[in-house]
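*Asks:* Curious how this folds, go ahead:
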Amino acid sequence: MRINAGTAARALTGPPRRARRAGGMAAVWKAWDTVEGRWVAVKFLNAVDDDSIRRFRREAQVTQRLRHPNICTIHDVSEGKGRPFL
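*Replies:* Presented below is the predicted three-dimensional model:
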């Protein structure tokens, strides 16, 4: 799993625009990547217990291996203010 906090920090410059989807495990927000000049989706984990974090990281590892036009590309996995996100 590739972890690069710098990439995530630049994508989160400014407040996220709005929640696109929210569920029991996580919420997905739309944010602007100021370096690449593009909109990105940022998924924040809601729960911070060890089991949820383990499942969230596993989801990131599995998703990073997939290549398909209908599956989002994961550019970064990190943590901010105690909340994991991808």
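
*Asks:* Okay, buried residues for stretch 40-50 please.
*Replies:* Neighbour counts using 16 or more other CB atoms under 10 Å place 40, 42-45 of stretch 40-50 among the buried residues. C-beta here means a position set from N, CA and C on the backbone, and glycine is covered the same way.

*Asks:* Helices of the chain, start to end?
*Replies:* Under the criterion DSSP state H, the chain contains helices at 5-11, 50-65.

*Asks:* quick one: average confidence on the last one?
*Replies:* The predicted model assigns helix 50-65 a mean pLDDT of 90.

*Asks:* List the buried residues in that helix.
*Replies:* Result for helix 50-65 [16+ other CB under 10 Å]: buried residues 52, 56-57, 59-60.

*Asks:* So which residues make contact with it?
*Replies:* 1-2, 25-26, 45-46, 71-72, 74, 77, 84, 86 (CB atoms under 8 Å, 6 or more residues apart in numbering).

*Asks:* From the chain's centre, how far out is that helix? Work that out for me.
*Replies:* 11 Å (CA atoms, centre = their mean, to the nearest Å).

*Asks:* Alpha carbons of that helix, as PDB, please.
*Replies:* Taking Å, rounded to 0.1, in the frame of the first residue of the first chain, the C-alpha atoms of helix 50-65 are listed here in PDB:
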ATOM      1  CA  ASP A  50      -8.900  -1.100  15.400                       C
ATOM      2  CA  ASP A  51     -11.100  -3.500  13.500                       C
ATOM      3  CA  SER A  52     -12.600  -0.700  11.300                       C
ATOM      4  CA  ILE A  53      -9.100   0.700  10.500                       C
ATOM      5  CA  ARG A  54      -7.900  -2.800   9.600                       C
ATOM      6  CA  ARG A  55     -10.900  -3.300   7.200                       C
ATOM      7  CA  PHE A  56     -10.400   0.200   5.700                       C
ATOM      8  CA  ARG A  57      -6.700  -0.400   5.000                       C
ATOM      9  CA  ARG A  58      -7.500  -3.800   3.500                       C
ATOM     10  CA  GLU A  59     -10.100  -2.200   1.200                       C
ATOM     11  CA  ALA A  60      -7.500   0.300   0.100                       C
ATOM     12  CA  GLN A  61      -4.900  -2.500  -0.600                       C
ATOM     13  CA  VAL A  62      -7.400  -4.600  -2.600                       C
ATOM     14  CA  THR A  63      -8.800  -1.600  -4.600                       C
ATOM     15  CA  GLN A  64      -5.300  -0.400  -5.500                       C
ATOM     16  CA  ARG A  65      -4.700  -3.600  -7.400                       C
END
